[in-house]
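Undergrad: Quick check, what structure comes out for this input:
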Amino acid sequence: MNDVKEKLRLDKYLWAIRIFKTRSLASEACDKGKVKYNGSSVKASRNVHTDDEYEIKTEAKRWRIRVTGLLHNRVQYSEAIKYYIDITPAEETERLQYQASSFHTGKRLSKVGRPTKKERRDIDEFLDE
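TA: Here you go, the predicted model:
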């Protein structure tokens, strides 16, 4: 690969490897300082080179990636993961697993909140007596 002479914007790269859903979200993350290179924030227009390491903070996860190749177009996930190495620390992945297990599913907990239809009927029946 002749990646040294190629130019690729950081926001386009992050979009192509599927860290962000849209390129504008990737650009916005760079503007807000959520993408860092060597500990300092970088602009969306920064050129990406192989062996660069970036720290990216998304809503779901804090990523640390090493660039292994340049990807100009968005491809499916199974192809995109070949262009970077995920070097996220183990404690971050453990934190994500803990969060996922304690995630609220949206179902109402038993005996908490509004009464069910059956419970309302029982209450009405009790009050009518």
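Undergrad: surely Y84 meets V67?
TA: Yes: counting by CB atoms under 8 Å, Y84 does reach V67; the two are 5.7 Å apart. (Glycine included, C-beta is placed from N, CA and C.)
Undergrad: Which of the three states applies to K36?
TA: strand (DSSP: H, G, I helix; E, B strand; the rest coil).
Undergrad: ok, it - contacts?
TA: Residues counted as contacts of K36 (CB atoms under 8 Å, 6 or more residues apart in numbering) are 42, 54-56.
Undergrad: ok, it to T93 distance?
TA: Per CB to CB, to the nearest Å, K36 is found 19 Å from T93.
Undergrad: Ok, V67 next?
TA: 20 Å.
Undergrad: Compare these two and say which is more crowded by neighbours.
TA: Taking other CB atoms under 10 Å, V67 and T93 do not tie; V67 has more neighbours (21 against 13).
Undergrad: pLDDT score for the more buried one?
TA: Looking at V67, its pLDDT is 96.
Undergrad: Provide the contact partners of the lowest-mean-pLDDT helix or strand in the chain at residue level.
TA: The helix or strand of the chain with the poorest confidence is helix 90-101; it has a mean of 72 (mean pLDDT, DSSP states H and E). Outside helix 90-101, the residues that touch it by CB under 8 Å, 6+ apart are 60-62.
Undergrad: Just the C-alphas of it, formatted as PDB.
TA: Output of helix 90-101 as PDB, limited to C-alpha atoms (Å, rounded to 0.1, in the frame of the first residue of the first chain):
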ATOM      1  CA  ALA A  90      -9.400  -3.900  29.200                       C
ATOM      2  CA  GLU A  91     -11.100  -1.800  32.000                       C
ATOM      3  CA  GLU A  92     -13.100   0.100  29.500                       C
ATOM      4  CA  THR A  93     -14.500  -3.100  27.900                       C
ATOM      5  CA  GLU A  94     -15.300  -4.500  31.400                       C
ATOM      6  CA  ARG A  95     -17.200  -1.300  32.200                       C
ATOM      7  CA  LEU A  96     -19.200  -1.600  29.000                       C
ATOM      8  CA  GLN A  97     -20.100  -5.200  29.900                       C
ATOM      9  CA  TYR A  98     -21.200  -4.200  33.300                       C
ATOM     10  CA  GLN A  99     -23.400  -1.400  31.900                       C
ATOM     11  CA  ALA A 100     -25.000  -3.700  29.400                       C
ATOM     12  CA  SER A 101     -25.900  -6.300  32.000                       C
END
